[in-house]
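Peer 1: sequence and predicted model, in that order:
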Amino acid sequence: MLDLIVLSLHFLLCFLIFLAIWRGHEDVDLPSSSTGTAEMEPDGLLLIGKEEDIKKSQRITAKVNGREVVVFYHDGKFHALDSRCYHEGGPLCLGEIEDINGQACIVCPWHKYKITLETGEGLYEGINPLEPSPMPQWQSKGVKQRIHKVTVENGNVYVSPPDLSVSFDSDYFAEKYKNGGDLSMEK
């Protein structure tokens, strides 16, 4: 009987964790707009927030042209990426940042995919089976995640709108979650 109670409690705890991850963070209500969408500046840049606020929180999510974008502040630099992982749409805003071979990478909380903040490359650890004593080494899958150009000016952080003439794997999930789509974590 005790086993059944422990198993039930374990199931309940797992379910609550699932709900917390599925629900995720709310989009930041940006001071530049009442809708939570970044406001277009005359030079085409989109205001994300105040530099000091983002430095304190280390990350912020916002809508850029209806697309969820996460801006990270890490090791003195700002980085912006599509907020959904290219693999299965995991919320990168909930991921941890790790250093892999001198590159800052966000680790997707769902399946532990590693993506460089600087270039959007997907990384994996692979071996060459032809070597006598193969040792795992980090390899690139190529650029999988769309990155967005960040500009800091007068204490504000801006993101350039995405250039959609080039496609990336993350575009699929960016579109799925765009404007409150059926997979969106919005309320």
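Peer 2: Sure, I can see it.

Peer 1: hey, let's count contacts and neighbours off CA atoms from now on
Peer 2: Fine.

Peer 1: which residues in the chain form helices?
Peer 2: Assigned by DSSP state H, the chain shows helices spanning 2-23, 51-57, 171-177.

Peer 1: the last one packs against which elements?
Peer 2: The reference is to helix 171-177. Counting contacts by 3 or more C-alpha pairs under 8 Å, 6 or more residues apart in numbering; DSSP states H and E, helix 171-177 packs against strand 67-74.

Peer 1: what bridges to Val64?
Peer 2: Taking DSSP bridges, one finds Arg67 as the beta-bridge partners of Val64.

Peer 1: does it touch Gly44 like I think?
Peer 2: No: the criterion here is C-alpha atoms under 8 Å, and Val64 misses it with Gly44 at 11.5 Å.

Peer 1: who touches both of the two?
Peer 2: Shared contacts of Val64 and Gly44 (C-alpha atoms under 8 Å, 6 or more residues apart in numbering): Pro161.

Peer 1: which residues in this structure form strands?
Peer 2: Ranges of strands within the chain are 39-40, 46-50, 59-64, 67-74, 77-82, 96-100, 103-107, 114-116, 121-126, 137-143, 147-148, 150-153, 156-159, based on DSSP state E.

Peer 1: highest average neighbour count across those?
Peer 2: Mean neighbours per residue, mean count of other C-alpha atoms under 10 Å, is largest over these for strand 114-116, with a mean of 27.
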